[in-house]
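**Student:** heads up, no residue letters with this:
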């Protein structure tokens, strides 16, 4: 120890002496190499350097008796080199270089933002909105490294670096299969871009912080796009331009999904790690998409082979999540993703808030005059008098094989499971036991083949299975012996099995023209069972459907790209559905054209059909959530859904400002009263239509690290059911939200991100109660005769909510390994405003005796002789204040 201290003291003394040493020099445009040799001779100091960095450098210094360290300072100022003393008699001369460049499209010469730029495998950055990247202050040795540039839709490029003072211009060549080139990067925020065909791309790897979210959830993120919303704050109840959620086509790695949520749709089943990119169409869809009449959400888990193993782990207020992406070789990679909720072990405040929303379904109900409706209810349960056990699990896997440049194969698998057990103990009067299990299973195989520079083929095969099983057991004292008997069993079972193959071929006719032909074959088997059993009276009721639909579809589309980044796509889809025995034609056209460098006009016209839809069933469930059951169209009881849509607008984009205005009009035929979710009970199935008019407006501005965007949607949705009583000729649709507004802000300060957002919308339409006359029935309970007003002639209170999020990025060093870490906190509904979002009346027609008392079990009466007895009002409320937190580590 003493030897070390002595050595250190000696070194410091020598260094001090060296710093005090002086030398006289006189250089006038003297080559640096000559000056260095002169200093070595006069001081005995040895210089170490690379010959390349001192060549062609001259110095001019004339000093008498200048200290050595001051001399080196002057030399650094004149040469831009660094003189680093490593010992009393040794100095190393190094050069700091800056590597930079501008990345542009090889054809349009437009800058390409968000390109991944990798320097020699271990230093990473991305291009900004102007396509610029920079690696500042690097050692001179790095100037002989290589750059790798990659971004989806362009060929990967590897080049030697350019360390000259002038930044290089690097051109990337687009791939043949790039169908929708980005025209507005950061359309809403970073990671949400607008493509030339009008679709919106969401890249979760680049997605910035969003208000109220701590994870890049696809289902929640796309709700920032004007025209996309949800009525119940869920992740799955997504409505796109007035269409209901079941009218959206949702694909995950080409697997068709019929359910996309957990815990009654409040949470998305899409693992944030397993959703690299989503493409969203509000209108102007390609002819390759079919079977739905509203929006398209096409999600991909990625198709790149990583150069080294990547992975990560996160835990938030609901679940734990992990993933790994590993290269098996240069041509094969394996992805794996797994997630599970843990609230069956530990219930967090996040879960408690969602549970309070879901399991509270009653509240004060009033008639049009404000009078409280006094109702007998047998299931006014809440978290205090009930128990629930909820869990979800999902697994995703993918194998990517790229044997050569002309072939690419991807095999994907998906499994999700959602389970809920719910018990309500009403003491000596009743006990309710509910159980719900929903599952998704799926697999897909995609093969892309490039025949030539102008020809590409693709074959996709998929299998998808969805199951939903709900059972409600109701125990009551039916015999008067204070013993609870199994009085009623309600079951809902829905199973869908879908298998198909898609084949397409794309030919590049010219550099700016291409044509695509395709064929799709699929078969859908669907089963629905709705049953009700009364074991005491040996009564059993059952209904359902067990059918299949074989689909054959041909499609073709022609695309022309104008040199000014304009675009026109014309396509047609010819489809035959076996369950309908009908042949349908679906023409489509999509057009965009620039007006100068800042404006674009756009229009889209399309016709689409849907052979499967959901009915809303309320009679055989106690929780009365997750009531949607899929049905296949049969052109009789369940007609085919058809839609015609036209849209048009103007897009302004200049530097950091985006303004987008889009108007649309569409008509829907084939609606039924059982698929529209009316708040009042309707006994008979009626067929109707709908007309939707709307305007979407987006305003977004970016200033340095601050972004603000506002979105507004005006909707006028009307229903028309000619045979439905108590309605006007046209009346507001059940999902008619006239005004919707959302404003969000984000700010990035070093490793911190902040976001604050406020949203507002008008209330949902409901059918009011004009009068409610309370009477006592034979059992001594309230038997209120209700008189409903006109259908959907009233509205619930307006909805608004304030959300906030904070994220902090940092590093964790474990030995020589550096892990990227992130911690985040979010709060939904900061001011804790809770209002009803939906309202459902449970009523039954019963005959009355002369005294006005309902007579149970009476039969033979005509509908005109029956009175409507209101039994219960089911209300669904908005979330209260909901905190969440996340800790994430990636490597």
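**Tutor:** Nice, I can see it. Computed from a predicted structure; not experimentally measured.
**Student:** quick one: mean pLDDT for stretch 425-439?
**Tutor:** The predicted model assigns stretch 425-439 a mean pLDDT of 79.
**Student:** residue 77 in helix, strand or coil?
**Tutor:** Classification of residue 77 by DSSP: H, G, I helix; E, B strand; the rest coil places it in helix.
**Student:** how close does residue 268 get to residue 789?
**Tutor:** 37 Å (C-beta to C-beta, to the nearest Å). Just so you know, the C-beta spots here come from the backbone N, C-alpha and C atoms, and that holds for glycine as well.
**Student:** who has more neighbours, these two?
**Tutor:** residue 268 (21 against 17; other C-beta atoms under 10 Å).
**Student:** phi, psi for that one please.
**Tutor:** Note on residue 268: its backbone torsions stand at phi -80, psi 140 [degrees, to the nearest 10].
**Student:** quick one: it and residue 217 touch, right?
**Tutor:** Yes - applying C-beta atoms under 8 Å as the test, residue 268 and residue 217 come out as touching, 5.2 Å apart.
**Student:** between these two, what contacts are shared?
**Tutor:** Common neighbours of residue 268 and residue 217, using C-beta atoms under 8 Å, 6 or more residues apart in numbering, are residue 235.
**Student:** okay, how far is it across stretch 739-759, tip to tip?
**Tutor:** End-to-end distance of stretch 739-759: 11 Å, with C-alpha to C-alpha, to the nearest Å as the criterion.
**Student:** so for the most centrally placed residue in the chain, what's the pLDDT?
**Tutor:** Centroid-nearest residue in the chain: residue 218, 1.3 Å away (criterion: C-alpha atoms, centre = their mean). As summarised for this prediction, residue 218 has a pLDDT of 87.
**Student:** do the same with the one 4 residues further on
**Tutor:** Residue 222 is assigned a pLDDT of 90 by the prediction.
**Student:** is it true that it lies in a strand?
**Tutor:** No - assigned with three-state DSSP, residue 222 falls outside any strand and is helix.
**Student:** helices of this structure, start to end?
**Tutor:** 2-20, 32-43, 51-54, 68-79, 218-221, 349-358 (DSSP state H).
**Student:** buried set for the fourth one?
**Tutor:** Of the residues in helix 68-79, 68, 71, 72, 74, 75, 79 count as buried by neighbour count, 16 or more other C-beta atoms under 10 Å.
**Student:** so how far is it off the chain centroid?
**Tutor:** Between the centre of helix 68-79 and the centre of its chain there are 56 Å (C-alpha atoms, centre = their mean, to the nearest Å).
**Student:** what sits up against that helix?
**Tutor:** By C-beta under 8 Å, 6+ apart, helix 68-79 touches 18-19, 21-23, 25, 32, 35, 39, 43, 45, 54, 57, 59-61, 63, 81-83, 85, 91.
**Student:** redo that, cut-off 10 Å
**Tutor:** With contact meaning C-beta atoms under 10 Å, 6 or more residues apart in numbering, helix 68-79 is reached by 15, 18-23, 25, 27, 32, 35-36, 39, 42-43, 45, 53-54, 57-61, 63, 66-67, 81-85, 91, 93, 95.
**Student:** picking up where we left off before, out of the buried residues of helix 68-79, which two sit at the greatest distance?
**Tutor:** Largest separation among those by C-beta to C-beta: 68 and 79, giving 16.2 Å.
**Student:** can you give me the strands in the stretch 651-800 of the chain?
**Tutor:** Per DSSP state E, counting those that start in this stretch, the stretch 651-800 of the chain carries strands over the ranges 657-672, 687-703, 706-720, 731-732, 739-749, 752-761, 765-766, 769-773, 784-788, 794-795, 799-814.
**Student:** and of the ones you listed, who's closest to residue 446?
**Tutor:** Of all these, strand 657-672 sits nearest to residue 446, with 31.4 Å by C-beta to C-beta.
**Student:** what domains does the record give for this structure?
**Tutor:** According to automatic domain parsing, the chain comprises the domains 2-88, 97-172, 208-300, 310-407+421-438+451-495+506-890.
**Student:** before we move on, back to that, okay, the residue nearest to the centre of the chain and residue 278: tell me how far apart.
**Tutor:** As judged by C-beta to C-beta, residue 218 and residue 278 stand 5 Å apart.
**Student:** shared neighbours of those two, anything?
**Tutor:** In contact with both residue 218 and residue 278: 202, 204, 250, 252, 270, 297, 299, using C-beta under 10 Å, 6+ apart.
**Student:** what's the local residue count around the nearest residue to residue 819 once chain neighbours are set aside?
**Tutor:** Closest residue in space to residue 819, ignoring its immediate chain neighbours: residue 812 at 4.4 Å, by C-beta to C-beta, 6 or more residues apart in numbering. Residue 812 has 11 neighbouring residues, counting by other C-beta under 10 Å.
**Student:** where does the stretch 601-750 of the chain have low pLDDT?
**Tutor:** 616-627, 675-677, 681-683 (pLDDT under 70).
**Student:** returning to what we had before: worst mean pLDDT among the helices of the chain?
**Tutor:** Across those, the lowest-scoring stretch is helix 2-20, with a mean of 44.
**Student:** ok, now which ones touch the nearest residue to residue 116 once chain neighbours are set aside?
**Tutor:** Among residues not flanking residue 116 along the chain, residue 150 sits closest, at 5.0 Å (C-beta to C-beta, 6+ apart). Residues near residue 150 by C-beta under 10 Å, 6+ apart: 115, 116, 117, 118, 156, 157, 158, 172, 304.
**Student:** contact partners for residue 599?
**Tutor:** 593, 650, 651, 652, 653, 654, 659.
**Student:** so residue 345 touches residue 390, yeah?
**Tutor:** No - with contact defined as C-beta atoms under 10 Å, residue 345 does not reach residue 390; the gap is 11.7 Å.
**Student:** can you give me the end-to-end distance of stretch 725-733?
**Tutor:** Distance between the two ends of stretch 725-733: 15 Å, counting by C-alpha to C-alpha.
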